[in-house]
Each structure stands twice: as C-alpha cells, then as structure tokens.
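Undergrad: only the shape, not the letters, is given here:
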C-alpha cells in the first residue's frame, strides 16, 4: 500500500525578543543567550519548510536579530525556531521571563548582562 499524508498549519509569525541560540553555554549568563543544551525542542511539532519558506523565515529572523519567533494564534503564545529538519516549537524559561518581566525584556532587547 502506498500512502501520502500531508499536514498543514498556518502560522502568524512575529519576532520575539532578540534571542540567540548558542551551541555552547556562555561563560557569562547573558539574558539574550539561550544555550542549545537547555532549549526544550518539541520534536513532535516539527513542520517541514520549503526552500522558499526557509529563506523567508531566515530573513525575518535576521531582520529582527532573533532566533525565536512566536505565533500568537488560536493556541496562545507558542515559540518557534528553525531546527535541522524544519520549523519546530521550543521552550525555555527565558522566553516566559521575557513575556512577564519588563526589566528582563529591556535587558534582552538591549543586549545587556545581568
């Protein structure tokens, strides 16, 4: 049996802060740096991107100097980034702090340390 299944979802993407996902944990904890080892990646949510979509997502991220996008759609705030196999939902405590703490939000946006 041959079976092709396609799943689609519409995102209303907006840049979220000025976060950078770092491969290595920095020696100094900066508010805008999220170590990859601490990032919770929800692999089951991964959606493939076409080359054109991938370029558009990269352009949006670069223009706004962030590795995190949000979708303030029907399900509340969800956070996303590009992953090896597509576009996926992620979570980190700093993302919640950014949403709820004005002082932390200013530190992230200005690229300052604690």
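TA: Received it, and whenever you're ready, just let me know what you need. Every value quoted in this text rests on a predicted model; they were computed, and no experiment measured them.
Undergrad: and the most centrally placed residue in the chain, what does it touch?
TA: Ranked by distance to the mean C-alpha position of the chain (CA atoms, centre = their mean), the top residue is residue 68 at 2.6 Å. By CB atoms under 8 Å, 6 or more residues apart in numbering, the contact set of residue 68 is 15, 16, 17, 19, 21, 34, 79, 80, 81, 90, 95. Heads up, the C-betas are built off the backbone N, CA and C, glycines and all.
Undergrad: try 6 Å this time
TA: Residue 68 makes contact with 16, 19, 79, 81 under the criterion CB atoms under 6 Å, 6 or more residues apart in numbering.
Undergrad: output the below-cut-off pLDDT ranges for this structure.
TA: Scanning the chain for pLDDT under 70 picks out the ranges 73-76, 113-114.
Undergrad: state the number of residues packed around the nearest residue to residue 112 once chain neighbours are set aside.
TA: In this structure, residue 112 finds its nearest non-sequential neighbour in residue 31, 7.2 Å apart by CB to CB, 6 or more residues apart in numbering. The number of residues packed near residue 31 is 24, by other CB atoms under 10 Å.
Undergrad: how near is residue 31 to residue 43?
TA: 26 Å (CB to CB, to the nearest Å).
Undergrad: distance check, the residue nearest to the centre of the chain against residue 2.
TA: 38 Å.
Undergrad: before we move on, the earlier item: for the residue nearest to residue 112, helix, strand, or coil?
TA: coil (DSSP: H, G, I helix; E, B strand; the rest coil).
Undergrad: surely it and residue 109 touch.
TA: No - Residue 31 lies out of contact with residue 109 (CB atoms under 6 Å); the separation is 9.2 Å.
Undergrad: give me the longest helix you can find in the protein.
TA: helix 51-63 (DSSP state H).
Undergrad: wait, residue 15 sits on residue 64?
TA: Yes - contact status for residue 15 versus residue 64: in contact at 3.5 Å, counting by CB under 6 Å.
Undergrad: kind regards, and thank you for your time.
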